[in-house]
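Q: Using only what follows, build the 3D model:
(chains A, B, C and D)
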There are 4 protein chains.
Amino acid sequence: MSKGSVVLAYSGGLDTSCILVWLKEQGYDVIAFLANIGQHEDFDAARKKAEKLGAKKVLIEDLRSEFVQEFIWPALQANAVYEDRYLLGTSIARPCIARRQVQIARSEGAQYVSHGATGKGNDQIRFELTCYALYPHVAPWSMDANLMHISYESGILENPKNHAPSDLYQMTKNPEDSPNEPDVLEIDFAKGVPVKVTHVKEGKSKDTALEIFCYLNEIGGKHGVGRIDIVENRFIGMKSRGIYETPGGTILLHAHLDIETFTMDREVRKIKQSLGIKLSELIYNGFWYSPECEFVRHCIDKSQENVEGRVQLSVFKGQVYILGRESPKSLYDEELVSMDVQGDYDPCDASGFIRINAVRLREHNRLQGAAQKKH
Amino acid sequence: MSKGSVVLAYSGGLDTSCILVWLKEQGYDVIAFLANIGQHEDFDAARKKAEKLGAKKVLIEDLRSEFVQEFIWPALQANAVYEDRYLLGTSIARPCIARRQVQIARSEGAQYVSHGATGKGNDQIRFELTCYALYPHVAPWSMDANLMHISYESGILENPKNHAPSDLYQMTKNPEDSPNEPDVLEIDFAKGVPVKVTHVKEGKSKDTALEIFCYLNEIGGKHGVGRIDIVENRFIGMKSRGIYETPGGTILLHAHLDIETFTMDREVRKIKQSLGIKLSELIYNGFWYSPECEFVRHCIDKSQENVEGRVQLSVFKGQVYILGRESPKSLYDEELVSMDVQGDYDPCDASGFIRINAVRLREHNRLQGAAQKKH
Amino acid sequence: MSKGSVVLAYSGGLDTSCILVWLKEQGYDVIAFLANIGQHEDFDAARKKAEKLGAKKVLIEDLRSEFVQEFIWPALQANAVYEDRYLLGTSIARPCIARRQVQIARSEGAQYVSHGATGKGNDQIRFELTCYALYPHVAPWSMDANLMHISYESGILENPKNHAPSDLYQMTKNPEDSPNEPDVLEIDFAKGVPVKVTHVKEGKSKDTALEIFCYLNEIGGKHGVGRIDIVENRFIGMKSRGIYETPGGTILLHAHLDIETFTMDREVRKIKQSLGIKLSELIYNGFWYSPECEFVRHCIDKSQENVEGRVQLSVFKGQVYILGRESPKSLYDEELVSMDVQGDYDPCDASGFIRINAVRLREHNRLQGAAQKKH
Amino acid sequence: MSKGSVVLAYSGGLDTSCILVWLKEQGYDVIAFLANIGQHEDFDAARKKAEKLGAKKVLIEDLRSEFVQEFIWPALQANAVYEDRYLLGTSIARPCIARRQVQIARSEGAQYVSHGATGKGNDQIRFELTCYALYPHVAPWSMDANLMHISYESGILENPKNHAPSDLYQMTKNPEDSPNEPDVLEIDFAKGVPVKVTHVKEGKSKDTALEIFCYLNEIGGKHGVGRIDIVENRFIGMKSRGIYETPGGTILLHAHLDIETFTMDREVRKIKQSLGIKLSELIYNGFWYSPECEFVRHCIDKSQENVEGRVQLSVFKGQVYILGRESPKSLYDEELVSMDVQGDYDPCDASGFIRINAVRLREHNRLQGAAQKKH
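A: Coordinates of the predicted model:
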């Protein structure tokens, strides 16, 4: 007698294979669900393995386009970076996979969903500890790959002083071995998301979300862009060391920051910046599907209405260099800014502006002076 | 009859030379004050020039140590970056120079102070426009140099689409021509500021504020670190394009971010991060000497009490790579974080934690479900 | 020969009458524009006075409905209170009047607009000082009235220690003389704005924006609600003492706060609260028509989608007491919250939740303990 | 054989009496600890009851002075109000009691601490449910009293529509029955905390922290000040209805807000306001002893350096009316603010100030105009 059906987010790897077997032993029917979110994986081999381990059904689905458009793009609009450095590649993939997993559970009439993904010490820890107990030959580090990034943690990396092994990285070339000539790209944005990328010299261009992102991964990877080694604060309150490589995401972050500052009002930008920091925390902590995250995403999306234009940049030896930008919606006014032309700007106004800003400071100093005289 | 004395912040360049002459013509005695904040300058030549142009007195003072310790260090503690990218090299030098200038005015009995520095379109514009009118052969771009950075703006850079000329940069090598081998450094921090830098291979080390900063400028410059090309929002409300090179500051920002996240509590970090953003705006807008800036600096300083430890990093082809870190004050607990060891952490607690976090989300979904059933 | 036409925001009072005459003397045609925003005014008398003083045209327009719906309601949705106390009655009327004034200027082909309203030391100061110089017998305090509030400043009030004279207030009864029995009201909200107010005992109700607001002014005024005496920080950097009476606005603020907290998710509320504080500053400083204010208003409006329901409250002796509330969109779950029923809530989860929240605190204490042992 | 000793935070009431018995039955030695934090309690009777129920030891301690000085004062400095309304009377007492309880456990060599206090649905729920199961005749609502406030929840109050019974309140008179004449008080502040309160008419004054607070409770209670009925968001994610009466705390909040705005710089105030909101959340959620709360308290304390002066106010029929204020440290400058005297303020500066503030807005409108022409 089956205890019911479980949709298992299956990776093809050791952890989830172990969970699959364990669930079957406990009396559940297992539907293995393998989401293609851009990881390098032999999906045929994974299917065969899952079937061999006893999965009742194996579903492999390509979620790459929706991952880029519905999850990565909103994060990009927000310049979402956790604790100033981490581009959230693992965190942002979770709600995408989980959403589909829940849909499958509904349509298949399954009562349970299960996962074994490398998260940040949340639910999966129970699975992993059980699993590690049964399969002692664990990998030296856990790894999470998708089209946005690859992350590494555990094993020798747990000592934060140890350097990452040089053969760790898989998405990016070592900058020491990368080409000695830059690639120059032009990225066109509309409403804060990239709509076209062009290789200036080769004239090649891409214009769908998935192709743009994959092409930027290719160029970024070739030049060793987007490697970081950080210690971060997990939601559950402990610090954790992580190594990430996010080539395409890093190029886009630089380009988006540039076109956004070029086209967005200064004060809107300040408010939006704090909403972006909030969004980063929400994504990191797993709150993509929450009222506050829906609210923040809506607000950020609104802020992107005029974020439109073209950024030219060069990619070289692990770095992204912005070279120039243009936009039909820019608030940049060449005549106004020029120091050679007076334009529609009266320098006397600046004097008044400064003196009024100083009213408060002078009062403060007057008071402090009075206090010091007494002593 | 003299109209009184003016202390002029003299740079030796065209703009302030012009002001010097103009002030004399208006009937003022001019005390030329030349602050050495690390710019490359022939100070003897400047002195002679000022004397020749009629300065009553020429004062050249070395402010480099106090610039690093009293201005750059607090900005570093704050990770102060304006609009996510600009490290504030020009802005942070202004209060340092102006403070000394005012002290000189007091001790010399001068009634006026005057400056012609490249700011962000504030007071100086009046001087500059007058000056440009008299001396039409202006340089193609204006430049501001100090030991923290060099900035460039105006001229052909005013079209934000134009690339910066390749011969523009003076502090940093072009990464294409920089060495093919990285330099590996160790930086020791105490209370959030660097107290020692060591070149791992060469064994060389520096341990005073000024020497540390200059040495990091040298290494960063050699590897082309810290070049940016941005459009920024000036205080007076216009957008402006700027090119900056900040080699040492960029290395320190990376290292400080790393040791800070390693040693600082997550929630303190969040609060401190928003104070750091605030400080960046205050510095950029010229409010270093204001009650709010004093308050924010005090708070940030407090947050740095435990920011102590050593960061190892590599500098290569325009990039800074963090390699590892260690600290006697770290909140990082290798045993706790390990996935191989259970330690003092009960996985069941995570389940409860997640379920309680979900109480609010489930209520929200219940309500939305109810609303959708009605339609 | 006329120098052109000026649309003058005419109040009928001394200041703007003086400006009218002065403008005519300078050679301008003056179109006197008198906006009815709910102030107590003899509009016929004002018209005659303006004509007599030489206005070429007098336009009196009833802006009360649009003032309530397009300006007061968004401020209410935001719980907009400047510096924790001031309900922004003067500030919020300015953009409403100015918008219509500019429309009139356009349609009448006038080149200039002029005003003399009591603001916070901005443009009008020039007019006022000139005017005061010509008419030395100025009133002891300046006053600004509209249907939202009446404000008082200047004169003997400028010494912040002096009590406000007891005969100052015009919109509200002295609570010492107000009725000895409360009025109990029910206010219905939809999307964060009131759609109906009902007097529970009398059964009387109002359901248009203007009628609701005027009725709440009447009830609030009768019971002496909404008087404050504060020192506030003006945009131009000085502190200023103001006395305000805002009867209807105060009742609505209490009711809106209540229904909002009842229906809005906790985390959305936190983000919205900081946006509301921002909006207050923007309104106070005169930035209603700015990109950031449009952005913030849009975000706040979005947050109000589910702010719907009925609040019952009592108004008595200067106070508003919330008595109860109900909503079809409430996130309040009586069964869940009950301590008598276990419901769908497992107390063990709370233990896990607390222990996970304590992980970070224990690490912090471990470190501090280690530090203390050393000393 | 005893399983060890437990220090139980004993209230003398049903819940903790039940826990005491249960702990004894489980084999523990119970040390009953009764903290006097100002609740109305017959401490002798409680001692006898605890002894009779089998407590091995009963400790009754007066924590009132340290409660006021070390916990209420910092909250007051922050203007700490949770979700715009709740003054945190319960939350702020918890760390005060718990701190002493842990000290006792240490000095008595007890291994466990236990509590049964009305919190916000955290740990204690387990105790309560067990207890309610054994003693079915529970009170209709739970209540928490200390010298700061009394709170009520549960029972018929759980339906948020129900009015609170008129005989519920114990600390405050019904404003309908309160005196028909106000009391006028003067409160002197130094470093943001009250140092003296004077009854103007009677000449009576108090000048220790505990006496000041108790006297304000007396006056506030007499006039029915500080009653609120709110729905609030608990930390564990559910909404909860609470009735609170906080007479003295409410008077102090009004007075502190007034003297603070009078003496604090505008921009410091803004930053401090957001820190105060943060502190409110931390206190509410139980994080008094956390690195972030220590940090925030330190920063807020710093902001209070100049918050000094005297506020005169009247207390009447549930309301607190500020009448005037004075301070040796005020940033208020009567001459500067006066509209009758020009003083050291040039109205032309305001024009420049406004025009510079408008640079950004004009650019925005230019762009929008261009966009609209296209459509």
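Q: going forward, measure contacts and count neighbours with C-alpha atoms only.
A: Noted.
Q: So which residues of the stretch 151-300 of chain A form strands?
A: Under the criterion DSSP state E, counting those that start in this stretch, the stretch 151-300 of chain A contains strands at A:183-190, A:193-199, A:205-206, A:227-233, A:239-245.
Q: how far off strand A:193-199 does the longest one point, in degrees?
A: Same thing as strand A:183-190. Orientation of strand A:183-190 against strand A:193-199 (axes from the mean of the first three to the mean of the last three CA atoms, to 10 degrees) gives an angle of 150 degrees.
Q: Packing partners of strand A:183-190?
A: Using 3 or more CA pairs under 8 Å, 6 or more residues apart in numbering or on different chains; DSSP states H and E as the contact criterion, the elements in contact with strand A:183-190 are strand A:193-199, helix A:247-263, strand A:309-316.
Q: quick one: stretch A:238-254 near chain C?
A: Yes. In terms of CA under 8 Å from any CA of the partner chain, part of stretch A:238-254 sits within range of chain C, namely A:Met238.
Q: Quote the end-to-end distance of that stretch.
A: Distance across stretch A:238-254, first residue to last, is 30 Å (CA to CA, to the nearest Å).
Q: for stretch A:79-88, same thing?
A: By CA to CA, one end of stretch A:79-88 lies 11 Å from the other end.
Q: one step back: would you reformat the strands of the stretch 151-300 of chain A as TSV and include distance to C:Gln273 and mean pLDDT?
A: Written out in TSV, the entries for the strands of the stretch 151-300 of chain A read as follows (distance: least, CA to CA, whole Å; pLDDT from 0 to 100):
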stretch	distance to C:Gln273	mean pLDDT
strand A:183-190	31	97
strand A:193-199	29	97
strand A:205-206	42	97
strand A:227-233	26	90
strand A:239-245	30	88
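Q: between these, which gets nearest to B:Arg355?
A: Between B:Arg355 and these, the shortest separation by CA to CA is 20.5 Å, and it involves strand A:227-233.
Q: report the angle between the axes of that closest one and strand A:239-245?
A: Between strand A:227-233 and strand A:239-245, the angle formed by their directions is 160 degrees, by the same axes, to 10 degrees.
Q: Strand partners (parallel or antiparallel) of strand A:227-233?
A: Within its sheet, strand A:227-233 is paired with strand A:239-245 (antiparallel), according to DSSP bridges.
Q: hmm, who's touching the partner strand?
A: Taking CA atoms under 8 Å, 6 or more residues apart in numbering or on different chains as the criterion, the residues outside strand A:239-245 that touch it are A:86, A:149-154, A:157-158, A:160, A:164, A:169, A:171-172, A:225-234, B:262, B:331-333, B:337.
Q: Run through the helices of the stretch 101-250 of chain A in chain order.
A: Secondary structure of the stretch 101-250 of chain A (DSSP state H, counting those that start in this stretch): helices at A:124-134, A:209-222, A:247-263.
Q: Pick the most buried one from those helices.
A: Scoring the helices of the stretch 101-250 of chain A by mean neighbour count under mean count of other CA atoms under 10 Å in any protein chain shown gives helix A:247-263 as the most buried, with a mean of 24.
Q: Can you confirm whether that one lies near chain D?
A: No. Interface with chain D: helix A:247-263 contributes nothing (CA under 8 Å from any CA), its closest point being 9.9 Å away.
Q: Roughly how far does the closest residue to A:Pro95 other than its chain neighbours sit from B:Ala350?
A: Once flanking residues are discounted, A:Pro95 sits nearest to A:Trp288: 6.5 Å by CA to CA, 6 or more residues apart in numbering or on different chains. Remark: distance between A:Trp288 and B:Ala350 (CA to CA) = 19 Å.
Q: now A:Ile243
A: 24 Å.
Q: who's more crowded, these two?
A: Between A:Ile243 and B:Ala350, B:Ala350 has the larger neighbour count (other CA atoms under 10 Å in any protein chain shown), namely 26 against 20.
Q: Please identify the helix or strand for the more buried one.
A: Under the assignment given by DSSP states H and E, the secondary-structure element containing B:Ala350 is helix B:347-374.
Q: ok, back up a step: which of the contacts of strand A:239-245 are buried? Put it as a ChimeraX command.
A: Here is the ChimeraX command that selects only those of the contacts of strand A:239-245 that count as buried (16 or more other CA atoms under 10 Å in any protein chain shown):
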select /A:86,149,150,151,152,153,154,157,158,160,164,169,171,172,225,226,227,228,229,230,231,232,233,234 /B:262,331,332,337
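Q: and chain A, what are its domains?
A: Each structural domain of chain A that the record assigns through the TED database is listed here as a residue range: A:5-146, A:150-263+A:306-326.
Q: for those domains, which one sits closest to D:Ala105?
A: With CA to CA, the closest approach to D:Ala105 among these belongs to domain A:150-263+A:306-326: 26.8 Å.
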